[in-house]
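Chemist: Okay, here's the prediction I keep looking at, along with the sequence it came from:
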Amino acid sequence: MKKISLTLVSVILSILIFAQAPQSFKYQAVYRDNTGNIITDQSIAVQIKLLQGSATGTEVFTETHNPSTNEFGLFNIEIGSENPTDFASINWANGPYFVNTIVNGTDFGTSQLLSVPYALYAKTAESITGGHYVGELMGTDGEDGVVFYVDQTGQHGLICSKTDIDGGSGVAWSNIDNVEIGATAKSEFNGVSNTTAIIGQSGHTNSAAQLCVDYTTGGTSAGDWYLPSIDELSHIYHAKYEINKALNTNSFVLTYYWSSTESNSSSAWYYNFYGGSSGSTAKCSTDRVRAVRAF
């Protein structure tokens, strides 16, 4: 019998929860067989359990979804949408919380929730004092990133990694450099969806997007980060002064940085951190990578 595996593209896409009503958050994963081949266009049963305290903690919430995988083997669900009453009763202040995923009866493990519960807690708090600001350090000495964008509420925004994560020499946009992904990877503002599409492309093994998804820090986990879209990368460039000042160092190289926005079959968009301009270049080029996450 063929063994089936689940590759989490992004365990929690916290950028998608802003101002949702009723409360819920997005969960995406790619369904693969034991050889790494994606399982496409298949209806599946996904049971979600939220556990309090630890990966083996008290079960406080459960619901079942019945999505179908798409042509990339990707499925999407909104945790909380099938059982909104119980979801709304969760006290996010009493975390940490963990999500356990069961697909077609097979347990695929448990991962800790990070930014999503805190955002939901902030949303439902009776009073919120203060707010976030561009240049704010997250974690010890900015270990968990630096805020480069804050929305109108002052409570949510985007964080970039403290340093480049490409090892210092740059990486190719993807190992697939001559096949167009298409509309799902061309968003100028949604780096999450672009990253998902890049990793889900048939034949994908490594990419700038994969580096971001795999990135971790002391206070974050794999799946919290993604490759920024061209517009998000532009925001990072224009916040470069505040980021460097907060870190007390010039943390950027004056060269090209990859965005997750595809241009065509052989090229993708970059942002030039020397002159502040954007353009497209060959996917096989080795550009720098800065990871992004939402809060």
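Modeler: All right, it came through fine.

Chemist: Please make it C-alpha for all contacts and neighbour counts, starting now.
Modeler: Will do.

Chemist: how is the protein carved up into domains?
Modeler: The chain breaks down by automatic domain parsing into domains covering 4-124, 140-294.

Chemist: Can you say which of the ones you listed is packed in most?
Modeler: For the domains of the chain, average neighbour numbers computed from mean count of other Cα atoms under 10 Å are highest in domain 140-294, which has a mean of 20.

Chemist: Endpoints of that domain, how far apart?
Modeler: From its first residue to its last, domain 140-294 covers 18 Å (Cα to Cα, to the nearest Å).

Chemist: ok, now stretch 160-167?
Modeler: Distance between the two ends of stretch 160-167: 16 Å, counting by Cα to Cα.

Chemist: for that stretch, what is the average pLDDT?
Modeler: Per-residue pLDDT values across stretch 160-167 average out to 97.

Chemist: hmm, who's touching that stretch?
Modeler: Stretch 160-167 is touched from outside by 142-148, 208, 211-212, 215, 236, 247, 251-252, 288-293, with contacts defined as Cα atoms under 8 Å, 6 or more residues apart in numbering.

Chemist: all helices for the chain, in order.
Modeler: The residue ranges that make up the helices of the chain, judged by DSSP state H, are 84-88, 115-124, 191-200, 208-214, 230-238, 240-247.

Chemist: So for the third one, mean pLDDT?
Modeler: Translated: helix 191-200. Looking at helix 191-200 alone, the average pLDDT works out to 96.

Chemist: now swap in the last one and tell me
Modeler: Mean pLDDT, computed over helix 240-247, is 93.

Chemist: Could you list every helix and strand in contact with it?
Modeler: Under the contact criterion of 3 or more Cα pairs under 8 Å, 6 or more residues apart in numbering; DSSP states H and E, the helices and strands touching helix 240-247 comprise strand 146-150.

Chemist: Could you rerun that using 10 Å?
Modeler: In terms of contacts (3 or more Cα pairs under 10 Å, 6 or more residues apart in numbering; DSSP states H and E), helix 240-247 is packed against strand 146-150, helix 230-238.

Chemist: Also the shortest one?
Modeler: Contacts of helix 84-88 with other secondary structure elements, assessed using 3+ Cα pairs under 10 Å, 6+ apart, are made with strand 58-65.

Chemist: Nearest to L137 among the helices and strands packed on helix 240-247 would be which one?
Modeler: Distances from L137 to each of the helices and strands packed on helix 240-247 were compared by Cα to Cα, and the smallest falls on strand 146-150, at 4.8 Å.

Chemist: Run the chain-centre distance for that closest one.
Modeler: A distance of 15 Å separates the centroid of the chain from that of strand 146-150, by Cα atoms, centre = their mean, to the nearest Å.

Chemist: what angle do it and helix 240-247 make?
Modeler: When axes from the mean of the first three to the mean of the last three Cα atoms, to 10 degrees is applied, the directions of strand 146-150 and helix 240-247 differ by 140 degrees.

Chemist: ok, residues contacting strand 146-150?
Modeler: Taking contacts as Cα atoms under 10 Å, 6 or more residues apart in numbering, the residues outside strand 146-150 that touch it are 131-139, 156-163, 232-233, 235-240, 242-244, 246-247, 292-295.

Chemist: Okay, P228 and A222: tell me how far apart.
Modeler: Between P228 and A222 the computed distance is 16 Å (Cα to Cα).

Chemist: Present the helices and strands packed on helix 240-247 as a markdown table; the columns should include distance to F108.
Modeler: Supplementary listing: the helices and strands packed on helix 240-247 in a markdown table, determined by distance: least, Cα to Cα, whole Å:
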| stretch | distance to F108 |
| --- | --- |
| strand 146-150 | 32 |
| helix 230-238 | 32 |
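
Chemist: Can I get stretch 89-109 in CSV? Just the C-alpha atoms.
Modeler: What follows is stretch 89-109 as a C-alpha-only set of coordinates in CSV (Å, rounded to 0.1, in the frame of the first residue of the first chain):
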residue,chain,number,x,y,z
SER,A,89,-15.0,30.1,23.2
ILE,A,90,-11.3,29.4,23.2
ASN,A,91,-9.4,31.6,25.6
TRP,A,92,-6.2,32.4,23.6
ALA,A,93,-4.6,33.9,26.6
ASN,A,94,-4.3,30.5,28.2
GLY,A,95,-1.9,29.1,25.6
PRO,A,96,0.3,27.9,24.2
TYR,A,97,-1.9,26.0,21.7
PHE,A,98,-1.1,23.2,19.2
VAL,A,99,-2.8,22.0,16.1
ASN,A,100,-3.1,18.3,15.3
THR,A,101,-3.9,17.2,11.8
ILE,A,102,-5.5,13.9,10.8
VAL,A,103,-6.1,13.3,7.0
ASN,A,104,-8.2,10.3,5.9
GLY,A,105,-7.7,8.7,9.3
THR,A,106,-3.9,9.1,9.3
ASP,A,107,-2.3,11.3,12.1
PHE,A,108,0.2,13.7,10.5
GLY,A,109,1.5,15.2,13.8
